[in-house]
Every structure is written in C-alpha cells, then in structure tokens.
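1. compute the structure for the input listed below.
(one chain, ligands or ions: 1)
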Amino acid sequence: MGIGSDFREDSWVREGVLKDIFPRLFALSSKHTLSINCFMDTQVFLHNWDFGFRRNLNERETAEVIKLLETLEGIRLCASKRDRRRWDLEDSGSFTCKSFQSFLRNKGRAETFPPFSLVWKAKSPPKVKVFVWLVALGKVNTSDLVQRKRPFMYLSPQWCVLCKLCEESVDHLFLHCPFSLSLWWLLWREVGTVWVIPKGCSDFLCSDFVVWGLGKLTSTLWGCLVHSVFWIIWMERNRRIFEDYKGVRVSDLWDRVKYWAAFWASVTKDFKDYSYSTIMRDMAAAVK
Ligand SMILES: [Zn+2]
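-> A predicted model of the protein is given here:
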C-alpha cells in the first residue's frame, strides 16, 4: 500500500472506512481531507501516527484511539510506491463484470466453490475432474437440462435410463436413482461405514467425509473412488442410451469402479509402492 490515499474517506483497512468506524475521533481531528502520509510523523519513524486532535482527549476518546491504533497495526505502508486501486473479488486485482455479478447474486459475499477440494485435488484424470466439477454445478446434460435448453424438442422417454422410474436429473441420476444408490451402498460397505445420501450432488461433494481415518493414502483413494462412481454411472447411462447395449448389473459396475479407482491411485506418488491389483484386492489394507 502506498501513502497517497485519503486517510479518513477511503476504505483502505479491512474493517471499512475509518471515518465511519471512529466518527468521534474524526470530528476531533483537524486533518479531514488529507492523504495518509499527512498522518505520519516521518521525523520519528514511518509508523508514528499523528492524528492532529484539536484538544486533549478524555478517557473514552483515549480508549477509541487505542482501538484505532490496533486497527492500523497490521497495515504496512510503502512510502516509495504509489497507490493503486485493487478489485478484491479477482485474484488479479482487476475489475471484471463477472465477479461483480457473482458478488451481487450472492448477496454481497464473494463467490466460492465449496467442493473445490474433492473435485480438483482428487487424483483422477483431468477429463474426469472436469466432469465431476460439472456434476457439482448441475451442468451435466441430463434429460431435464436438455429439455430446458431445447424446449421445442420433445424427449421421449425422458425418464432415467437406469431405473426407468423417474425423470432424469443430475441429483436423481447420480445419487437418488435406486440403481446408483446400490452402487453407493457398495462403496459404503467397502469403506466400512453407513451414510445418508444428501439432497444434491453439490452437497455431497462439499461434505467433509472421513473414511479409513486421516492420511494422504486415504484421501487419494477416497477421491479416486468417488470420482470413479460418478464417472462409471455416466458411462453406463450413455452406453444404454446411445449404443445397442442392455446394461450390466450393479455388482459388475462396482468392479469397474474399483478397477478405475485403484488404477488412478496406483499411478500417483502416494501409491508408488503398490500395483493397482494390490490396491483393488484390499483397499482398506492398502491405505494402512
Ligand atoms: Zn433412475
């Protein structure tokens, strides 16, 4: 931060505009519209503040000054640099309409992507990560979404091809479909736990779900397994729709889930001493 900003009017501290936080001190100061460098007594040393109060302060005002100094304590000023405005909603510091629109849409909170860790830190191939990211955002082309995008197209039938019981949506296809649910149950059995499936895929991917205890091996294999379930369900669904293919049983799909999860995990640094068949044979033993 440079020293050219308006000390009282600009929002240069995290807490907000100093004039609004300390109105009493602002009224007592003789320096109302001066830049930050006018408040520093550089004869002593760079961070000696001189607020220019017009009279001696009483006890209550002194307490406020202490708060003001505490607020300024973490500020590091650089006398040799000029100020520049920075847009906090973008890492680059530059303004974008997109970040401002997200800010407004989120009622004044900066947009975050909670499932970041389970999506991007997983060790699956990039195309699978991108696919799981689209699942988290609800932007996979399931029948309901295709119908909304192209209302003039009549999709018949638009039910879920795995169970043929309900309309296909992202949350149904990947979580609540009886077929997919059976696959998740096999995963819970593998990791030795039970869990109520959340309402949506985004909630699912945001969950801080701990299996087999903590550790690098565990988180690597768990991430691969979750990605593999999503990926295998999607592959099965697409083959049933677009190919002359009747489908396989859940137990066969579970073998594919384990195969891909073990294979992705086996090529990571964490599992360099394991072959994919060792991991696949006993996953709980591989993460110990
Ligand atoms: Zn279904």
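
2. might one say that His172 is in contact with Cys166?
-> Yes. Using CB atoms under 8 Å, His172 and Cys166 qualify as a contacting pair, with a distance of 5.5 Å. In short, each C-beta sits where N, CA and C put it, glycine included.

3. give me the phi and psi for Phe53.
-> In terms of degrees, to the nearest 10, the main-chain angles of Phe53 are phi -70, psi 140.

4. ok so, going back, which one of His172 and Cys166 is surrounded by more residues?
-> Between His172 and Cys166, His172 has the larger neighbour count (other CB atoms under 10 Å), namely 20 against 14.

5. the more buried one - that's part of a strand, no?
-> No. Using DSSP: H, G, I helix; E, B strand; the rest coil, the secondary structure at His172 is helix, not a strand.

6. distance check, it against the ion.
-> Taking CB to the ion, to the nearest Å as the measure, His172 falls 6 Å from the ion.

7. for Leu89, which non-adjacent residue is closest in space?
-> Ser99 (3.9 Å; CB to CB, 6 or more residues apart in numbering).

8. check which helix or strand that neighbour maps to.
-> Assigned by DSSP states H and E, Ser99 belongs to helix 97-105.

9. list the buried residues of that helix.
-> Under the neighbour-count criterion of 16 or more other CB atoms under 10 Å, helix 97-105 has Ser99 buried.

10. got it, and stretch 193-201?
-> For stretch 193-201, the buried set under the neighbour-count rule, 16+ other CB under 10 Å, comprises 197, 200-201.

11. which of the residues you listed sits closest to Glu243?
-> Among these, Cys201 lies closest to Glu243 (CB to CB), at 24.8 Å.

12. wait, doesn't that closest one sit right on Gly138?
-> Yes. Using CB under 8 Å, Cys201 makes contact with Gly138 at a distance of 7.1 Å.

13. and for the two, which residues touch both?
-> 170-171 (CB atoms under 8 Å, 6 or more residues apart in numbering).

14. shared neighbours, His172 and Cys166?
-> Common neighbours of His172 and Cys166 (CB under 8 Å, 6+ apart) are Cys160.

15. do you know how far the residue nearest to Leu89 is from Pro115?
-> 20 Å (CB to CB, to the nearest Å).

16. same thing with Ser124?
-> Ser124 is 14 Å from Pro115, by CB to CB.

17. between these two, who's got more neighbours?
-> Set side by side, Ser124 and Pro115 show more neighbours around Ser124, with 24 against 19, by other CB under 10 Å.

18. on the three-state scheme, that one is what?
-> coil.

19. how about low-confidence regions in the stretch 1-150 of the chain?
-> 1-15, 33-38, 40-47, 74-84, 106-114 (pLDDT under 70).

20. for it, which segments count as helices?
-> 18-21, 23-28, 59-73, 97-105, 116-120, 126-137, 143-149 (DSSP state H, counting those that start in this stretch).

21. got the buried residues for the shortest one?
-> This means helix 18-21. 18-19, 21.

22. what's it packed up against?
-> In terms of contacts (3 or more CB pairs under 8 Å, 6 or more residues apart in numbering; DSSP states H and E), helix 18-21 is packed against helix 59-73.

23. chain center to the helix it packs on: distance?
-> On the basis of CA atoms, centre = their mean, to the nearest Å, helix 59-73 sits 37 Å off its chain's mean C-alpha point.

24. kindly report the same for stretch 128-135.
-> On CA atoms, centre = their mean, the centre of stretch 128-135 falls 14 Å from that of its chain.

25. pLDDT of stretch 230-240, averaged?
-> Taken as a whole, stretch 230-240 has an average pLDDT of 95.

26. please enumerate residues in contact with it?
-> 124, 128, 131-132, 135, 140, 161-162, 173-174, 180, 183, 245-248, 253, 256-257, 260.

27. rewinding a little: gap between the residue nearest to Leu89 and the ion?
-> Distance from Ser99 to the ion, by CB to the ion: 37 Å.

28. touching, that residue and Ser92? I think so.
-> No. The pair Ser99 / Ser92 is not scored as a contact, 9.9 Å apart, by CB under 8 Å.

29. which neighbours do the two share?
-> Common contacts of Ser99 and Ser92 (CB under 8 Å, 6+ apart): none found.
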